[in-house]
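In: What would the 3D arrangement of this be:
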Amino acid sequence: MNLYSMLQQREADGRPLRIGLIGAGKFGAMYLAQVPKTPGIHLVGIADLSPSNAKANLERVGWDPARCCAPSLDAALKQRYTHVGEDWQALVAHPGVDIVVEATGNPVAAVGHALAAFRNGKHVVMVTVEADALCGPQLARRAREAGVVYSLAYGDQPAIICDLVDWARAAGFGVVAAGRGHKWLPHFAQSTPETVWRHYGLTQEQARIGGLNAKMFNSFLDGSKPAIECTAVCNATGLVAPPDGLTYPSASVDDIPFVCRPKSEGGVLHQKGQVEVISSLEKDGRAIPYDIRFGVFVVFEGETEYIRNCFKEYMVRTDPSGRYACMYKRWHLIGLEVGISVASVGLRREATGCATGFRADAVATAKRDLAAGERLDGEGGYTVHGKLMRAADSAAMGALPLGLANEARLLNPVRAGRPLRWADVEIDPAGEAVRLRREMEAQFARSIDKNAGSVHAYSG
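Out: Numbers count the residues shown, from 1 in each chain. This is a model prediction of the structure:
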């Protein structure tokens, strides 16, 4: 409740939190827009593949060009300016940087960036949730071993969902379900960068003028991003994935407690304590009024008659039984809110969401019949989409994580709708992200054997 006052004190003491940002694209630019307005923060350096684009984004979000012209990280620290360059290794190794914000959107690169930051004693705020879905439990373990904090990024939906889950549990409520909203119809799973704008109601020309990235937008539409984000939530909170993936029930905000209750009570949940994603569209494509498309929610339970009476007295919207209620945020502000994670990690050494176990996985699934020899193009592309699976099921079939499905060459044909397996692709086993993921899977397998098949056995 007092992060702002703590930041003010750091400003007054002349001891700002010293930040390094890797990746100054859309998400990074939104964070950059807030930095000059936040006391107690010094953005020491930005590492980006295109420093000129990073500087253009700084100017676009309102930075004084003089503030980002430091010729080196040392000069930036001395003058309290910002250095912009390409050398991320130098940024994460510099003793003057306390926290690294990883915002590249590239899961393989992000894993490498995080591990290097840990080795150099830096905390990490992981914006690239794809990296967390790939091997978040193992990243969390490596951070603990290094004595630093690894955190999901507030503003992105997983961290805000974790916050709502924590609120409910800390208040004494049992969590029945939690998740996010999404614009969803079943055929969106086969959407490609060529069809995505039609589903969004835009023309190709409008998208071009707006500089919109078709593959990125399609990764949201085709269900890949919801699967990735729900993986992160399961692994951080202990909530479980539905046994056959997300079902995307249609509901308004007020109907979420009605829908997100157990099937035995008229809802859609396989069990209490589950993640789910709510569609903002009816099955026939009609928009639902008062939807949660851009927001997050938690459904919690009034377990006693007294608590249910309190719900009634305070006019809480519940399901017809009065037992299940919902708390929500109807919007998330993405990069504009990352400062919450930066402050929490830097001032309290507290993550805003962090994997505590390997419970769920985002698995690469064929969008169409794929032939041997084809090269995969990752989330949002033409070949695969992400499906949420329970970790035990993913491990049992040797499923290929979505985060490693970019540029991999197929060795075997895969039918449309089928998950891909490690054995189906040619992947360099020496890559740092591949090795970390394999290490995580091996530890999970050992824990399953040791604990007689418990899906919650391995904690990162």
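
In: centroid residue for this protein?
Out: A centroid search over the chain (Cα atoms, centre = their mean) returns Val129, at 3.4 Å, as the residue closest to the centre.

In: Which residues are in contact with that one?
Out: Going by Cβ atoms under 8 Å, 6 or more residues apart in numbering, Val129 touches 152-153, 156, 158, 228-229, 232. Bear in mind the C-beta positions are built from the backbone N, C-alpha and C, glycine included.

In: Let me have the residues you listed in TSV, extended by neighbour count and pLDDT.
Out: Formatted as TSV, the contacts of Val129 follow (neighbours: other Cβ atoms under 10 Å; pLDDT from 0 to 100):
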residue	neighbour count	pLDDT
Leu152	30	98
Ala153	29	98
Asp156	28	95
Pro158	30	98
Ile228	27	98
Glu229	30	98
Ala232	29	98
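
In: Check what pLDDT the residue nearest to the centre of the chain gets.
Out: pLDDT recorded at Val129 is 98.

In: ditto for Val124
Out: Model confidence at Val124, given as pLDDT, is 98.

In: Then Tyr458?
Out: 40.

In: again, but for Gln204
Out: On the pLDDT scale, Gln204 gets 85.

In: do the same with Lys450
Out: For Lys450, the model assigns a pLDDT of 68.

In: Can you tell me which of the contacts of Val129 comes closest to Leu400?
Out: Minimum distance to Leu400 across the contacts of Val129 is 14.0 Å, recorded for Ile228 (Cβ to Cβ).

In: State the three-state secondary structure for Leu246.
Out: coil (DSSP: H, G, I helix; E, B strand; the rest coil).

In: For it, give me its contacts.
Out: Counting by Cβ under 8 Å, 6+ apart, Leu246 has contacts 223, 226-227, 230, 275-277, 388.

In: Closest one to Ala171 out of the residues you listed, please.
Out: Val275 (19.7 Å).

In: so what's the closest residue to the closest one other than its chain neighbours scoring on pLDDT?
Out: Leaving aside its sequence neighbours, Val275 sits nearest to Cys230 (Cβ to Cβ, 6 or more residues apart in numbering; 4.5 Å). As predicted, Cys230 sits at a pLDDT of 98.

In: coming back round to it: distance of the residue nearest to the centre of the chain from Trp88?
Out: For Val129, the distance to Trp88 equals 19 Å [Cβ to Cβ, to the nearest Å].

In: now Lys387, nearest residue through space, not along the chain?
Out: Thr365 is the one closest to Lys387 (Cβ to Cβ, 6+ apart), at 4.4 Å.

In: how close does the residue nearest to Val275 get to Ala241?
Out: Distance, Cys230 to Ala241, by Cβ to Cβ: 7 Å.

In: What is the burial count for the residue nearest to Val275?
Out: Cys230 has 30 neighbouring residues, counting by other Cβ atoms under 10 Å.

In: Name the secondary structure element that contains it.
Out: helix 224-237 (DSSP states H and E).

In: next one: that helix to chain centre, how far?
Out: 7 Å (Cα atoms, centre = their mean, to the nearest Å).

In: so what secondary structure elements neighbour that helix?
Out: Packing contacts for helix 224-237, counted by 3 or more Cβ pairs under 8 Å, 6 or more residues apart in numbering; DSSP states H and E, involve helix 129-146, helix 157-170, strand 174-182, strand 274-279, strand 360-366, strand 384-390.

In: related to what we said a few turns ago, and which of the contacts of Val129 is nearest to Val100?
Out: Nearest to Val100 among these, with distances taken as Cβ to Cβ, is Ala153, at 11.7 Å.

In: In this structure the closest one contacts Val125, no?
Out: Yes - counting by Cβ atoms under 8 Å, Ala153 touches Val125, with 5.3 Å between them.

In: joint contacts of the two?
Out: Contacts common to Ala153 and Val125, judged by Cβ under 8 Å, 6+ apart, are 101, 338, 341.

In: so the first one sits in a strand?
Out: Yes - inclusion of Val101 in a strand is indicated when three-state DSSP is applied.

In: Quick one: residues contacting the residue nearest to Lys387.
Out: Counted by Cβ under 8 Å, 6+ apart, Thr365 has contacts 384-387, 417-420.

In: Please indicate which of these has the highest neighbour count?
Out: Gly386 (33 neighbours).
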